[in-house]
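> sequence unavailable; structure follows:
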Ligand code: NAD
């Protein structure tokens, strides 16, 4: 299978065929401003030394400081981080926030480290990149397997090295340590606002059946939010596998079960299914909220949902997009659907720089119109040109970046 960066470049090639952005501009966007790989030596609890590979990719800062999360995963490698950084640049532009695109990561399975080892590794990542990070230069955030606590260690390490006390170098911090109210649920909440704005245009009813792949920050919060709004969550999954209940899962009880056992499989009253089965369930709305490249040309013809809302980054390959579009399945693309996360990260950065603390209501009242108007603009452009919503979002984003460059 192609790597995520190949997929990102295939998307860029596709949009260049719809609109002529100029060959120099497209050439510039085919490479990040810089991609850096470092080795991070860590003393393990048993006294041995291990070397981990860490990454930071700064893709484009035409609109503002590089912005993007840090992923800890055994499969993380430079092409994945480059793709995620490219999508971050387009995401910030698609919803009109003054940030550029970046991303970082470490090749590691954090579940195999003790808490002390995890802290040393996280501080080690900051030590390697402290020269290029900074509130007005490059501002990381959480991503897969990185938490508010990890962001707090990183902010503290940056302050120790540079003396910067604003905390604005990193977002997604705990609320008591400079974090913003509403950041933990912002990705799913933003996706929900976009969904609400588009629901009637997409022919969806007030109560939808929903399947969600991934049950972490994005997926579990989405399950709660859609459930509370009266939708029926019929299937969810995590890295160990999935569960199905056509009558609708009891989400508050499932959240408790996941917290106690670490997984969703085995939840009472549900039937175990695989992650592959989850993707092809007959439902109104499918929400991929785990990793990249899960819907490909191999399974796109089997998808039965009416709409797919991408809370994960890059879950659908470019070839699969074409198949889904021809089949009349609408994809609400990642750079719109999950942009609530970076939008509230931007709010956190703004609060830190101004030394302000906004209420959760203020945060949501600022997030909602951004998501709604971006969703509507992208939908109307795509409808007008008879293209998919991803290409609509790319066109708006690229035009904003090009205008600045
Ligand atoms: P997370 O670490 O909190 O959760 C990831 C979830 O995916 C876990 O439940 C894990 O068990 C599951 N998972 C891992 N491998 C899987 C597999 N092979 N099949 C099914 N499930 C699997 O991460 P997150 O922050 O929720 O991120 C999930 C996705 O959302 C990523 O693509 C991330 O880039 C994207 N995203 C997250 C944010 C954010 O604010 N956290 C913002 C924008 C986009």
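Structure received. This one's a predicted model, so the numbers in the text were calculated from it and none came from an experiment.
> quick one, phi psi at the residue in the chain that the ligand sits nearest to?
Residue nearest to the ligand within the chain: residue 216 (1.8 Å; CB to the nearest ligand atom). Glycine gets a C-beta too; all of them are placed from N, C-alpha and C. When read as degrees, to the nearest 10, the backbone of residue 216 gives phi -110, psi -140.
> if I look at it, how far off is residue 250?
Look at residue 216 and residue 250: by CB to CB, to the nearest Å, they are 19 Å apart.
> tally of neighbours for residue 327?
Look at residue 327: counted by other CB atoms under 10 Å, it has 11 neighbours.
> same question for residue 342.
For residue 342, using other CB under 10 Å, the count is 26.
> that one is in what secondary structure piece?
Using DSSP states H and E, residue 342 sits in helix 339-354.
> now residue 54
Per DSSP H and E: residue 54 is located in strand 49-60.
> could you do residue 363 as well?
helix 360-385.
> and the next helix or strand past that helix?
Using DSSP H and E, the helix or strand that follows helix 360-385 in sequence is helix 389-404.
> once you drop chain neighbours, what's closest to residue 330?
For residue 330, ignoring the flanking residues on the chain, the nearest one in space by CB to CB, 6 or more residues apart in numbering is residue 307 at 4.9 Å.
> so what's the one you found bridging to?
Residue 307 forms beta bridges with residue 285, residue 330, as assigned by DSSP bridges.
> from residue 39, how far off is the residue of the chain most remote from its centre?
Here the chain reaches farthest from its C-alpha mean at residue 47, the gap being 35.9 Å by CA atoms, centre = their mean. According to CB to CB, residue 47 stands 19 Å off from residue 39.
> where does residue 2 land on pLDDT?
Looking at residue 2, its pLDDT stands at 77.
> that one falls within a strand, correct?
No. Using DSSP: H, G, I helix; E, B strand; the rest coil, the secondary structure at residue 2 is coil, not a strand.
> what about it, how many residues nearby?
By the criterion of other CB under 10 Å, residue 2 has 14 neighbours.
> how about the residue nearest to it when sequence neighbours are not counted, what does it touch?
With sequence-adjacent residues excluded and distances taken as CB to CB, 6+ apart, residue 2 is closest to residue 317, at 7.3 Å. For residue 317, the contacting residues are 2, 7, 10, 293, 295, 296, 297, by CB atoms under 8 Å, 6 or more residues apart in numbering.
> when you check these against the helices, which ones overlap?
Using DSSP state H, the subset of the contacts of residue 317 located in helices is 7, 10.
> min pLDDT across the contacts of residue 317, which one?
Among the contacts of residue 317, residue 2 has the weakest pLDDT, 77.
> quick one: contacts for it?
When contacts are counted by CB under 8 Å, 6+ apart, residue 2 touches 10, 293, 317.
> quick one: these as a markdown table, columns for distance to the ligand too.
Listed next are the contacts of residue 2 as a markdown table, based on distance: CB to the nearest ligand atom, whole Å:
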| residue | distance to the ligand |
| --- | --- |
| 10 | 18 |
| 293 | 10 |
| 317 | 14 |
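> for the residues you listed, give me CSV that also has distance to residue 210.
Shown next, in CSV, are the contacts of residue 2 (distance: CB to CB, whole Å):
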residue, distance to residue 210
10, 29
293, 22
317, 23
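> now, which of these sits nearest residue 133?
residue 293 (29.0 Å; CB to CB).
> shouldn't that closest one be in contact with residue 7?
Yes. Using CB atoms under 8 Å, residue 293 is in contact with residue 7, at 6.8 Å.
> quick check: residue 207 is in a helix.
No. Applying three-state DSSP, one finds residue 207 to be coil, outside a helix.
> per-residue confidence at it?
Looking at residue 207, the pLDDT reads 94.
> what ranges do the strands span in the protein?
Ranges of strands in the chain, per DSSP state E, are 34-43, 49-60, 66-73, 101-107, 138-142, 209-213, 232-238, 241-244, 271-273, 285-288, 307-309, 330-332.
> now the second one: buried residues?
Under the neighbour-count criterion of 16 or more other CB atoms under 10 Å, strand 49-60 has 52, 54, 55, 56, 57, 58, 59, 60 buried.
> that strand near the ligand at all?
No. Judged by CB under 6 Å from any ligand atom, strand 49-60 makes no contact with the ligand; its nearest approach is 13.7 Å.
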